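J.: predicted model and sequence follow; I will ask about them next.
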Protein chains: 2
Amino acid sequence: MKIVVDAFGGDNAPNAIIEGTIMAMSQNPEIEIIFTGIKDVIEKELEKYTYDKSKVEIVDAPEIITCEEKPTVAIKKKKESSLVKALQIVADKKADCFVSAGSTGAVLAGATLIVRRIKGVKRPALAPIIPTVKDDTKVLLIDCGANVDCKPQYLQQFAVMGSAYMKYVEHTENPRVGLINNGAEEEKGNDLTKTTYQLLKNSTPVNFVGNCEAREINSGDFDVVVCDGFVGNVALKLMEGVAGMLMSMLKSELKANVKTMVGAKLSMGAFKNLKKKMDYTEYGGAPLLGIDGGIIKAHGSSNAKAFAAAINQAYMFTKGNIVEVIREAIIDMEPVED
Amino acid sequence: MKIVVDAFGGDNAPNAIIEGTIMAMSQNPEIEIIFTGIKDVIEKELEKYTYDKSKVEIVDAPEIITCEEKPTVAIKKKKESSLVKALQIVADKKADCFVSAGSTGAVLAGATLIVRRIKGVKRPALAPIIPTVKDDTKVLLIDCGANVDCKPQYLQQFAVMGSAYMKYVEHTENPRVGLINNGAEEEKGNDLTKTTYQLLKNSTPVNFVGNCEAREINSGDFDVVVCDGFVGNVALKLMEGVAGMLMSMLKSELKANVKTMVGAKLSMGAFKNLKKKMDYTEYGGAPLLGIDGGIIKAHGSSNAKAFAAAINQAYMFTKGNIVEVIREAIIDMEPVED
């Protein structure tokens, strides 16, 4: 199993990327790695670690794409970048899966332009896995930003692709699919969700359990939650924002007097456990589903541990044969017009 | 100043509604109240309290509209309901403002059908006031569910109406308006927000400060945040959901061992303060802006304190002359087509 790693994507690249990759390799001896990036730098960094050298290859890529660049322009201009070279390796079927902590826009644009979509997939979708209130239960939120204007048929495909992922990577039996909507009742919704509801209810081979109000996303009652990329982006960023706000408000309240400060010291273990549960580094990255190859987008600020989780996710993605599962599922659906 | 109160709307009606109204009257001697609802029951409930009887009137309304009914149907059929009768009083200019904790859908439909829109306003919008991380700073989120499919011109009007409210009710100088979007940059967005951005930037008499990513809604950097009602509904419900999830996760972590339990006991004051800050009962209700009369929708589960806050909000709304301010502002804007 070959995983190609964009060694120069992300806030902590290349150090944390390389460290995390080596961590994942030690956990999964099956993994073989191709790093793309500035060869000298990668080689020097690798000298720090002990690992099976026969399982690591480096492809020199002197250019770097940053988050400030316009994605489509950067992809077309910087042919020698670590990101473009890595995606080309997946397109050439010389690697099963690609992992990057680089610019989300560039990963989306690059994957679509270089690796390309699975035939019949109208829009690839970014699908992060997020925590729920129920222990060990996660939910996949699809789409989270790849497609800001959607048709009902795209959302139907998202439901199919998300279900495939949860079934074969997270081993969730018969994943429960919800549609983000402004009410629980069937007749609720905007033009998009009303039509999507009927499509999901009547024609798709997914386990559609109905509308999911936004407050229920993290309830553990859904395994896959479907929405357009604009709404998904709002939902994802709001979760970060509200969690951050509450924690900072609680912190300042705890500092209010000696009693609460002593209390906070004693309760520290609980805060740490909560932080761990909410911690993205435990959850790896977000798969980009619908591309004809494995694509895992790790968090931009990934540290070594988070990046190792993303590599392990790439391993599970490849093991689960997700690309082929989605290809079969899309063939079985009615063709979608643009 | 006359405020008409739907005494039979809400989970805790009529007891908490009447108690809260009397509380607000004792805080604001200027307020005169008209209750609508089952007269005998209201009279009996009022016997519990001491208040200026010359300032309270009861209009008998034997019917009740529930949350289970289809709003437009209920409004048309139940002419003798507390909600319809109260709205009719505002339409007849016999009261300045209406307050209800009843069905949101019925309040929206009733206000639009009975009191009607201000001339030129295309869509009235529901605009709750929510907490931010900055002490004593609140943000108005408009629209939160009245309009699930919007045109850019509607959002432009929301910005104008929301600014009027924050300026004249919350006394915010030159309210900073943000547009909920999936990125900070001008070129980001879906079809709706891209066009809205240009409208807000170029032609509206509002202090537009740019895009607001969802994680920044509660940052305190915006006074008015504009979005379509679908996105607003998602944002509002997610705030509730995430706050609830974190608190329940923290609770169960705190119960993990004796040390954290003792810590939690000592920190209790901090948790209580945080809960108070997040507590909707401190914030009153949501104004429905764009209607030709004051409309305040209190939270469905309002207790007496929350309902008193909503009555006080109605008082401030009327004092601020918001309906006339919006009327003038809309006249100054270019007419909007449907």
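T.: In hand now; what should we look at?
J.: for chain A, which segments count as strands?
T.: A:2-6, A:32-37, A:56-60, A:97-100, A:125-126, A:129-131, A:138-142, A:176-180, A:207-212, A:224-226, A:286-289, A:294-297 (DSSP state E).
J.: tell me which of those strands lies nearest to A:Glu334.
T.: A:Glu334 lies closest, by Cβ to Cβ, to one member of the strands of chain A: strand A:207-212, at 16.1 Å. Every C-beta, even on glycine, is put in place using the N, C-alpha and C of the backbone.
J.: what helices or strands is that closest one leaning on?
T.: strand A:176-180, helix A:191-202 (3 or more Cβ pairs under 8 Å, 6 or more residues apart in numbering or on different chains; DSSP states H and E).
J.: tell me the strands beside that strand, with direction?
T.: The strands that strand A:207-212 pairs with in its sheet are strand A:176-180 (parallel) (by DSSP bridges).
J.: specify the angle between the partner strand and strand A:138-142 in degrees.
T.: 50 degrees (axes from the mean of the first three to the mean of the last three Cα atoms, to 10 degrees).
J.: give me the contact list for strand A:176-180.
T.: A:155, A:159, A:162-163, A:193, A:196-197, A:200, A:206-214, A:216-217, A:221-227, A:231-232, A:235, B:234 (Cβ atoms under 8 Å, 6 or more residues apart in numbering or on different chains).
J.: which residues in chain A form helices?
T.: For chain A, the helices defined by DSSP state H occupy A:15-27, A:39-46, A:71-77, A:82-91, A:104-110, A:152-168, A:191-202, A:229-254, A:258-278, A:304-319, A:322-331.
J.: in the fifth one, what counts as buried?
T.: Within helix A:104-110, the residues scored as buried using 16 or more other Cβ atoms under 10 Å in any protein chain shown are A:104-110.
J.: domains in chain A, by residue range?
T.: A:2-121+A:290-322, A:126-277 (automatic domain parsing).
J.: just put the ones you listed in JSON lines and tack on mean pLDDT.
T.: Shown next, in JSON lines, are these (pLDDT from 0 to 100):
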{"stretch": "domain A:2-121+A:290-322", "mean pLDDT": "96"}
{"stretch": "domain A:126-277", "mean pLDDT": "90"}
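J.: can you put those domains in TSV and add distance to B:Ser248?
T.: Shown next, in TSV, are the domains of chain A (distance: least, Cβ to Cβ, whole Å):
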stretch	distance to B:Ser248
domain A:2-121+A:290-322	25
domain A:126-277	6
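J.: circling back: of the buried residues of helix A:104-110, which is the nearest to chain B?
T.: A:Gly105 (9.0 Å; Cβ to the nearest Cβ).
J.: measure that closest one to A:Leu83 for me?
T.: 11 Å (Cβ to Cβ, to the nearest Å).
J.: report the beta-bridge partners for the residue nearest to the spatial centre of chain A.
T.: Nearest to the geometric centre of chain A sits A:Ala286, at 0.3 Å (Cα atoms, centre = their mean). When assigned by DSSP bridges, A:Ala286 has beta-bridge partners A:Lys297.
J.: which ones are touching it?
T.: A:126-129, A:144, A:296-297.
J.: redo the helices of chain A as TSV? Include distance to chain B.
T.: As requested, those are exported to TSV (distance: least, Cβ to the nearest Cβ, whole Å):
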stretch	distance to chain B
helix A:15-27	23
helix A:39-46	30
helix A:71-77	12
helix A:82-91	19
helix A:104-110	9
helix A:152-168	13
helix A:191-202	5
helix A:229-254	3
helix A:258-278	3
helix A:304-319	19
helix A:322-331	25
